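Asker: Structure for this input, please:
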Amino acid sequence: MKNLQEEKQLQNRLLELADRADRRGGRTFSEFLDMAGQDVASRLKTPVALSLEGGWPGAERRVVCFGERESWQEEWEAAVPVACLKISAAAPKFSEKLTHRDFLGALMGLGFRREVLGDVIVSEKGDCAWLFCLESVADYICDQLTQVRRTTVKVSRETALPDFASELPQEQTVNAASARADAMVAGVYNLSRSESGELFRKELVYINYRLASNPSAELKENDLVSVRGYGRFIYCGAAGETRSGRLRARVRVF
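Answerer: Presented below is the predicted three-dimensional model:
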């Protein structure tokens, strides 16, 4: 969070939602939170269970859901107010190659706050993207988003991401001093250990959506590491050692 006051304000908003779910025996939901906001949510002590949902398993931006998920059964998917929209070029043959920034900029240009928008996943060709957003704004986006940069677009509802868009990145091998969090960040992003350590000191590193306060912690298999300004990777385990004794680590880099 930017400061302690903002963190306290978020805590109060989330606790109010939790108390409302507890009093009414129902479900309540927050807006989309970034990694810092999710870290605040995960540290709360609430009277009801909470979970984090972003519309797909690899979501970076997620809403907080308060209530007993187990009791909702098949109602769960319908209850979470997250919609999936496909934004595609009306004439793909004449489309520019659009970026994440282009799609997000067009959405923000319609006057939306970032908190109502989740992940934006852009196709490899750059001619379409999948957007997760709050259900409350989905119809408006479908009606009003007609252009991204100079490309005319159309928006439709989808039930989920296509398989190719939700697939994990291919596994690759990187060399690192060890499986320590700071060493792995340095190895994945080709940084010095001091540069990697600075990212931890600036509170820019999250492991499994929690702020990484201990750079010397050993990563475990399938840990998700997010570094603001760089990206995300999954640590898949050791693949052996180099001749100089460095770790050969298997990772999936987003």
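Asker: and residue 187, helix, strand or coil?
Answerer: helix (DSSP: H, G, I helix; E, B strand; the rest coil).
Asker: Look up how far residue 182 lies from the closest residue to it other than its chain neighbours.
Answerer: Among residues not flanking residue 187 along the chain, residue 176 sits closest, at 3.1 Å (Cβ to Cβ, 6 or more residues apart in numbering). Just so you know, the C-beta spots here come from the backbone N, C-alpha and C atoms, and that holds for glycine as well. From residue 176 across to residue 182, the span is 10 Å (Cβ to Cβ, to the nearest Å).
Asker: re earlier: contacting residues for the residue nearest to residue 187?
Answerer: By Cβ atoms under 8 Å, 6 or more residues apart in numbering, the residues touching residue 176 are 183, 184, 186, 187, 188, 246, 247, 249.
Asker: All the helices of the stretch 51-200 of the chain, residue numbers only.
Answerer: Ranges of helices within the stretch 51-200 of the chain are 75-79, 100-109, 135-144, 163-166, 181-188, 193-201, based on DSSP state H, counting those that start in this stretch.
Asker: Need the winner for burial among those helices.
Answerer: Among those, ranked by average contacts under mean count of other Cβ atoms under 10 Å, first place goes to helix 181-188 (a mean of 23).
Asker: Output the below-cut-off pLDDT ranges for the chain.
Answerer: In the predicted model, the chain carries pLDDT under 70 at residues 1-2, 69-78.
Asker: And the strands in it, which stretches?
Answerer: Secondary structure of the chain, counting by DSSP state E: strands at 28-33, 50-53, 62-66, 82-89, 117-122, 128-134, 147-148, 151-158, 171-176, 205-207, 210-211, 223-227, 231-241, 247-253.
Asker: still on that earlier bit, could the contacts of residue 176 be laid out in TSV, adding distance to residue 230?
Answerer: Shown next, in TSV, are the contacts of residue 176 (distance: Cβ to Cβ, whole Å):
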residue	distance to residue 230
183	15
184	12
186	11
187	12
188	8
246	21
247	20
249	16
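Asker: What is the nearest of these to residue 130?
Answerer: Among the contacts of residue 176, residue 188 lies closest to residue 130 (Cβ to Cβ), at 25.5 Å.
Asker: distance of the residue positioned nearest the centre of the chain from residue 158?
Answerer: In the chain, the C-alpha nearest the mean C-alpha coordinate belongs to residue 60, at 0.5 Å (Cα atoms, centre = their mean). Remark: distance between residue 60 and residue 158 (Cβ to Cβ) = 19 Å.
Asker: So residue 173 sits against residue 250, correct?
Answerer: Yes: here residue 173 reaches residue 250: they are 5.9 Å apart, a contact under Cβ atoms under 8 Å.
Asker: okay, those two: which has more neighbours?
Answerer: Comparing residue 173 with residue 250 by other Cβ atoms under 10 Å, the one with more neighbours is residue 250, at 16 against 13.
Asker: Spatially nearest residue to that one, not counting backbone neighbours?
Answerer: That would be residue 236: by Cβ to Cβ, 6+ apart, it lies 3.9 Å from residue 250.
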